[in-house]
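In: I'd like to go over a predicted model; first the sequence, then the structure.
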Number of protein chains: 2
Amino acid sequence: MALIVQKFGGTSVGTIERIEQVAEKVKKFREAGDDLVVVLSAMSGETNRLIDLAKQISDQPVPRELDVIVSTGEQVTIALLAMALIKRGIPAVSYTGNQVRILTDSAHNKARILQIDDQKIRGDLKAGRVVVVAGFQGVDEQGNITTLGRGGSDTTGVALAAALKADECQIYTDVDGVYTTDPRVVSQAQRLDKITFEEMLEMASLGSKVLQIRAVEFAGKYNVPLRVLHSFQEGPGTLITIDEEESMEQPIISGIAFNRDEAKLTIRGVPDTPGVAFKILGPISAANIEVDMIVQNVSHDNTTDFTFTVHRNDYAKAQQVLENTASQIGAREVIGDTKIAKVSIVGVGMRSHAGVASRMFEALAKESINIQMISTSEIKVSVVIEEKYLELAVRALHTAFELDAPARSGE
Amino acid sequence: MALIVQKFGGTSVGTIERIEQVAEKVKKFREAGDDLVVVLSAMSGETNRLIDLAKQISDQPVPRELDVIVSTGEQVTIALLAMALIKRGIPAVSYTGNQVRILTDSAHNKARILQIDDQKIRGDLKAGRVVVVAGFQGVDEQGNITTLGRGGSDTTGVALAAALKADECQIYTDVDGVYTTDPRVVSQAQRLDKITFEEMLEMASLGSKVLQIRAVEFAGKYNVPLRVLHSFQEGPGTLITIDEEESMEQPIISGIAFNRDEAKLTIRGVPDTPGVAFKILGPISAANIEVDMIVQNVSHDNTTDFTFTVHRNDYAKAQQVLENTASQIGAREVIGDTKIAKVSIVGVGMRSHAGVASRMFEALAKESINIQMISTSEIKVSVVIEEKYLELAVRALHTAFELDAPARSGE
């Protein structure tokens, strides 16, 4: 008998029929003898509807009051699921973030969980009840309702699992696990049975939008075994856990991540003096623009080129800021490119394998794909290439690192 | 500078535009120097939408969980109004029933208010904030969300006014006050400047659906001056207060109430033995049918006729129950009539005026309207008549008791 925290997202509870399906799934686990805490998001579309209401009053809704409004979304789904469980003869009770209580700081719209009172939940579990908790929301010391920000329900699930020392935190989504890469790009992509927290973080931040990054960090910090599963299909999903070095031979890389959301900016002919990086990135940061990759080459003739990537939505703004900086510091010119893509190989296995980067570069060279930028970390190598080569690059790397699924019979 | 509690119903906050209008009204009072606590209902239609959602899961939704769902309706409107006020430069803060806290018993869906903690509100008022409170909802000792039942927002308003010792509780509705009778039936009906709690109770229970009965009882018990006003029109409304015998000459009656919702049942030839009333009404009550008027005539030949009225929706069920009873106690027959109407004259003035009832009967006789049943209380005389004479009867009584407005110029 295990204690399991299950989190279902907005799509999984998007209609009454789906809520009934979730109830059936919970019932199966309950009947198998597990203790269950279920965390829910709002019905899909509901949070946006509520935000729209608030924006009709004010473009910049007061954060405290916005939280009062949007937190109602989950409050509706938790009660509906509790009802659906009770109808099936499964004792259940719903709790809002305030009732549990999930104590957060007072940063409305993006609050952080400080503490969870597990007494109430433990009492209900002991009494044989399934506990249904509203995700995404909490309450601060003064009793104000707070929300954790988009995707915060994953974080609620993990935080509850940590507080209750649950055996597993299961995140139900619309995919059946974490894949070696996007199956829409590479048909031979394979579901991973297991992945480490670190790898998952790299995959997530690179565009595999299966899990919220904060939730993975949280799970890693408190060592909560996290499993990604499909809401309405059977299957083992992907277990995200610490790297226990169990397997004798680890695959070199676990997956290939990519995204097309970025744009590249280069400031050329920058006088190479100490503090120049700050002079360039300071104003960008002050303009609230997030920077991803940063590359600075060795200088020649006492000038250097400085390149970085930003989200495409921020490209125009970043370019403007950079033009200002260029004239101030006496740089030669600013050039940019929005038609780029980033491709990364991720895997803890590369720590112990030399030559992983060169194998990557070789695979790309074979396909005549030019590399524009390179950035590396301990478990990741990322390159920026021309956008039109993205699919070709991902497929080539998937094959080069032996990630392709064996051809199935009949194929 | 007064402390005023203002309550706005679902229609008054039914759209964003109307919420903005309410904010304008609140702003005016605030700028006139009043301290304000505003109680809101859910947007009109929202509570029904939420109940429908719950009923899609279960015909008999679990009461605790139903309260979790429906209480979200007011939670949305309070935050929207707080935003609209802040946008206008009026400091404001919203509170749910749990946050205030409005402590109730645990009778979900129809909870009663036990206590209100006024500390938080007083602190906010002192700091110059308008306090916006969710009507209709509270929290029990265990922290479960409760609701007060339909129309409970009026009760919240009055209870808050009592707890805060407010100078006045203003109930904003879609009428501009309490009238001598329904203006749709009698064009000369007049708005009353003032009415007593007792009269208002009789008027309300007889079909003048301006205020929730419980709220009026509450206001009377704690002597909270209650004022009914139109949400979007200017005007003094009607003040409901204790009978202070201020005016030298009180009008004999204050108004004429009526309803067409009832049906009449008679069990004839009942053996007149002690306990017969209970034998007849016990099974009706056991079937959860509410009885309004009850008339039993003096017996002749040791049998009696027993007549009562029920809501028309309960007529068929009541008839069935009564047929059973008739055969058990050896009564002669059961007859009934759904085409009836009840007309009542209401007024504390009749206490000191003899002959009010006969003046009523005279007025009806002049119009050849036959009276089927009569029931009297200290401040009310009700008669049941054939439904088709309803308008005629109301107009005749309105004139007979000198309630008609003086003809306006141009008429």
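Out: Received, thanks. Numbers count the residues shown, from 1 in each chain, chains lettered A, B, ... in the order given.
In: A:Gly336 and chain B, how far apart?
Out: Using C-beta to the nearest C-beta, to the nearest Å, A:Gly336 is found at 39 Å from chain B. The C-beta positions use only the backbone N, C-alpha and C, and glycine is treated the same way.
In: and chain A, what are its domains?
Out: As given by the TED database, the domain ranges for chain A are A:1-173, A:253-399.
In: Tell me which of these sits nearest to B:Lys264.
Out: Closest of these to B:Lys264 is domain A:1-173, at 39.8 Å (criterion: C-beta to C-beta).
In: Give me the distance from the closest one to the chain's centre.
Out: With C-alpha atoms, centre = their mean, to the nearest Å as the basis, the distance from the averaged C-alpha position of domain A:1-173 to the chain average is 18 Å.
In: Give the rounded mean pLDDT of it.
Out: The predicted model gives domain A:1-173 an average pLDDT of 95.
In: what's around A:Asn109, how many residues?
Out: A:Asn109 sits with 16 neighbouring residues when counted by other C-beta atoms under 10 Å in any protein chain shown.
In: Check the contact between it and A:Val68; I expect there is one.
Out: No - contact status for A:Asn109 versus A:Val68: not in contact, 11.3 Å apart, counting by C-beta atoms under 8 Å.
In: Run through the stretch 201-350 of chain A and note the low-pLDDT ranges.
Out: Residues of the stretch 201-350 of chain A meeting the criterion pLDDT under 70: A:204-209, A:244-250.
In: coming back round to it: which stretch among the domains of chain A is buried most, on average?
Out: Comparing these on average neighbours per residue, with mean count of other C-beta atoms under 10 Å in any protein chain shown, the densest one is domain A:1-173 at a mean of 21.
In: check contacts around A:Ile195.
Out: Taking C-beta atoms under 8 Å, 6 or more residues apart in numbering or on different chains as the definition of contact, the neighbours of A:Ile195 are A:178, A:203, A:238-240, A:254-255.
In: go on, A:Thr399?
Out: A:188, A:363.
In: Surely it is within a helix?
Out: Yes - the assignment for A:Thr399, made by DSSP: H, G, I helix; E, B strand; the rest coil, places it in a helix.
In: Mind pulling the model confidence for it?
Out: Reading off the per-residue confidence, A:Thr399 sits at a pLDDT of 94.
In: and the gap between the residue located most distally from the centre of chain A and A:Pro271?
Out: Of all residues in chain A, A:Asp301 has its C-alpha farthest from the mean position, at 42.8 Å, by C-alpha atoms, centre = their mean. Between A:Asp301 and A:Pro271 the distance, using C-beta to C-beta, to the nearest Å, works out to 10 Å.
In: which residues are common contacts for these two?
Out: Common neighbours of A:Asp301 and A:Pro271 (C-beta under 8 Å, 6+ apart) do not exist.
In: Name all residues that make contact with the residue lying closest to A:Gln372 once chain neighbours are set aside.
Out: If you skip the residues right next to it in sequence, A:Gln372 has A:Val384 as its closest partner in space, 4.6 Å away by C-beta to C-beta, 6 or more residues apart in numbering or on different chains. By C-beta under 8 Å, 6+ apart, the residues touching A:Val384 are A:262, A:264, A:293, A:309, A:340-342, A:371-374.
In: and which of the residues you listed is nearest B:Val228?
Out: When the contacts of A:Val384 are compared for distance to B:Val228 (C-beta to C-beta), A:Glu262 wins out at 61.5 Å.
In: which parts of chain A sit against chain B?
Out: Within chain A, the positions adjacent to chain B are A:16, A:19-20, A:50, A:53-54, A:56-58, A:61-62, A:64-66, A:68-69, A:71-72, A:75-76, A:78-80, A:82-84, A:86-87, A:93-94, A:96, A:98-99, A:143-145 by C-beta under 8 Å from any C-beta of the partner chain.
In: Tell me which residue lies nearest the centroid of chain A.
Out: Most central in chain A under C-alpha atoms, centre = their mean is A:Gln212, positioned 3.1 Å from the mean C-alpha point.
In: From chain B, how far out is that residue?
Out: Look at A:Gln212 and chain B: by C-beta to the nearest C-beta, they are 24 Å apart.
In: pretty sure that residue is in contact with A:Gly157, am I right?
Out: No - the pair formed by A:Gln212 and A:Gly157 falls short of the contact definition of C-beta under 8 Å, at 9.8 Å.
In: hmm, back to that, for the helix or strand hosting the residue nearest to A:Gln372, C-alpha coordinates in PDB please.
Out: If you go by DSSP states H and E, A:Val384 is part of strand A:380-386. Once side chains and other backbone atoms are set aside, the C-alpha atoms of strand A:380-386 remain, and they are given as PDB (Å, rounded to 0.1, in the frame of the first residue of the first chain):
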ATOM      1  CA  LYS A 380      24.000  19.300 -22.400                       C
ATOM      2  CA  VAL A 381      25.400  20.600 -25.700                       C
ATOM      3  CA  SER A 382      23.300  23.200 -27.500                       C
ATOM      4  CA  VAL A 383      23.800  24.600 -31.000                       C
ATOM      5  CA  VAL A 384      22.100  27.300 -32.900                       C
ATOM      6  CA  ILE A 385      21.400  26.600 -36.600                       C
ATOM      7  CA  GLU A 386      19.400  28.000 -39.400                       C
END
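In: just to revisit the earlier point, mind putting the contacts of A:Val384 into JSON lines with secondary structure?
Out: Below are the contacts of A:Val384 laid out as JSON lines (three-state DSSP):
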{"residue": "A:Glu262", "secondary structure": "strand"}
{"residue": "A:Lys264", "secondary structure": "strand"}
{"residue": "A:Met293", "secondary structure": "strand"}
{"residue": "A:Thr309", "secondary structure": "strand"}
{"residue": "A:Ile340", "secondary structure": "strand"}
{"residue": "A:Ala341", "secondary structure": "strand"}
{"residue": "A:Lys342", "secondary structure": "strand"}
{"residue": "A:Ile371", "secondary structure": "strand"}
{"residue": "A:Gln372", "secondary structure": "strand"}
{"residue": "A:Met373", "secondary structure": "strand"}
{"residue": "A:Ile374", "secondary structure": "strand"}
